[in-house]
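Undergrad: predicted model and sequence follow; I will ask about them next.
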Amino acid sequence: MITAAPYPRQPAPPAIRWQQAWRDAVREPRELLSMLGLAPLAGRVSDEAAAQFPLRVPRGFVARMRHGDPHDPLLRQVLPLDDEMRPVRGYGLDAVGDGAARTGTGVIQKYRGRALLVATGSCAINCRYCFRRHFPYSDETAARDHWREAVDLIRDDASVEEVLLSGGDPLSLSDAKLAELTDALAGIPHLRRLRIHSRLPVVLPERVDDGLLAWLATLPWPVTLVIHANHANEFDGTVDAALRRLRDAGVHLLNQAVLLRGVNDGVDALADLSERGFAAGVLPYYLHQVDRVAGAAHFEVDDARAKALHAALAARLSGYLVPRLVREVAGDTGKRPL
């Protein structure tokens with residue numbers, strides 16, 4: 001018997017470096033619509049909204065949008081519309097009181113025992129409902145001057161047990177810049193935990209590379225990473241693989257979502273999000289009512305409907321799959337349950 005020669009295995013394509021994927025993001029609304037077969041919808045785009053808060057979305061995230069669907073829940077999160085430019089009473093520039101809670105450059109302390117560092121103003125994706133879309137990042141970034149002011153504030157406050165890295169997106173910083181911060185924090189004896197809030201493992205999973213994992217391996221504290229996904233369709237195989245690598249590195253994974261009209265304001269969508277996230281190793285954490293930042297009013301779901309949705313979700317799912325329904329209110333000592 002003549003044995004067939006083995007089929008020659010093709011080499012795997014080289015992995016795209018996350019920095020390249022970042023640079024290749026879609027930045028023009030009409031290009032995005034054209035990619036999705038939705039060019040006739042260009043008239044709905046607000047050039048004014050896009051100028052105020054530019055569109056940015058990685059191509060891998062675009063690939064998860066449904067071609068030809070103007071109501072796609074991922075598209076709705078990023079497409080600038082005229083609705084953003086309509087003033088709405090009760091919606092302002094600082095929806096959650098970041099300014100009043102500032103204790104130093106890029107340092108926000110709202111809750112006892114925790115200090116939040118606005119590590120950077122950069123994000124891989126610009127979500128239209130972002131509560132920091134008007135934040136003065138050019139003046140308020142903790143990484144300025146090699147983190148010195150932020151580290152000194154934390155060192156001098158023995159009540160701070162947990163540091164939160166936020167932004168922007170802290171994982172948009174280089175591994176070297178992250179290491180510069182955590183090396184400085186490592187000598188502070190009263191720090192017990194590090195928490196990272198990042199959308200990158202979902203929208204730019206390439207960021208979870210060997211360099212990031214090597215940095216995580218050096219950290220002396222338990223690390224929790226709070227990802228941000230609002231719809232089950234944001235997960236795919238590349239996201240699953242990135243989250244698996246983080247779990248294997250000993251990182252605790254939680255998800256916080258925002259309740260958004262036209263995106264996830266149905267019990268089926270919320271249940272699918274919890275179940276899909278859990279299948280990827282992520283526990284639901286918070287379901288936020290949208291922060292009342294100027295430009296985001298068209299996403300709001302009224303409290304009565306939000307509570308009804310949350311009750312229906314609790315009736316359907318096991319308790320550990322039900323996120324806490326909350327609103328952040330300036331001046332409160334914690335997230336306000338609804």
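TA: Arrived safely.

Undergrad: got the contact list for the residue nearest the centre of the chain?
TA: The centroid of the chain falls nearest to R199 when counting by CA atoms, centre = their mean (2.9 Å). Residues in contact with R199, defined by CB atoms under 8 Å, 6 or more residues apart in numbering, are 123-125, 127, 169, 227-228. Any C-beta I mention is one placed from the backbone N, CA and C, and that applies to glycine too.

Undergrad: export those as a markdown table, with columns for pLDDT and distance to A95.
TA: Converted to a markdown table, the contacts of R199 look like this (pLDDT from 0 to 100; distance: CB to CB, whole Å):
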| residue | pLDDT | distance to A95 |
| --- | --- | --- |
| C123 | 96 | 17 |
| A124 | 96 | 22 |
| I125 | 98 | 19 |
| C127 | 97 | 14 |
| D169 | 97 | 19 |
| I227 | 98 | 21 |
| H228 | 98 | 16 |
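
Undergrad: in helices only, show me those.
TA: Among the contacts of R199, no member falls in helices (DSSP state H).

Undergrad: for PyMOL, write the selection for the buried entries among those residues.
TA: Of these, the buried ones can be selected in PyMOL as follows, counting by 16 or more other CB atoms under 10 Å:
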select buried, resi 123+124+125+127+169+227+228
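
Undergrad: just the ones of the contacts of R199 in strands?
TA: Judged by DSSP state E, the subset of those located in strands is 227-228.

Undergrad: and the contacts of R199, which is closest to Y91?
TA: Closest to Y91 out of these is C127 (15.8 Å), distances taken as CB to CB.

Undergrad: the closest one against Q77, yeah?
TA: Yes: using CB atoms under 8 Å, C127 is in contact with Q77, at 5.4 Å.

Undergrad: pull the number of nearby residues for Y320.
TA: 9 (other CB atoms under 10 Å).

Undergrad: I'd like to know how far the residue lying closest to it once chain neighbours are set aside sits from L321.
TA: Distances taken as CB to CB, 6 or more residues apart in numbering put L283 closest to Y320, at 6.6 Å, once the chain neighbours are dropped. L283 is 8 Å from L321, where distance means CB to CB, to the nearest Å.

Undergrad: how many neighbouring residues does H146 have?
TA: By other CB under 10 Å, neighbour count at H146 equals 12.

Undergrad: shouldn't it be within a strand?
TA: No: going by DSSP: H, G, I helix; E, B strand; the rest coil, the assignment for H146 is helix, not a strand.

Undergrad: please report phi then psi for the nearest residue to P29 once chain neighbours are set aside.
TA: Excluding its sequence neighbours, the residue lying closest to P29 (CB to CB, 6+ apart) is V45, at 4.4 Å. V45 adopts backbone torsions of phi -70, psi 140, taken as degrees, to the nearest 10.

Undergrad: and for V45, the neighbour number?
TA: 19.

Undergrad: isn't it right up against L79?
TA: Yes: here V45 lies in contact with L79, judged by CB under 8 Å, at a distance of 7.0 Å.

Undergrad: anything in contact with each of these two?
TA: Joint contacts of V45 and L79 (CB under 8 Å, 6+ apart) are 29, 33.

Undergrad: quick one: residues contacting D291.
TA: By CB under 8 Å, 6+ apart, the neighbours of D291 are 95-96, 129, 131, 328.

Undergrad: scratch that, D175 is what I was asking about
TA: 211-212, 214-215.

Undergrad: buried subset of the residues you listed?
TA: 211-212, 215.

Undergrad: quick one: the strands in the stretch 151-300 of the chain?
TA: For the stretch 151-300 of the chain, strands defined by DSSP state E, counting those that start in this stretch occupy the ranges 162-166, 193-197, 223-228, 252-259, 283-289.
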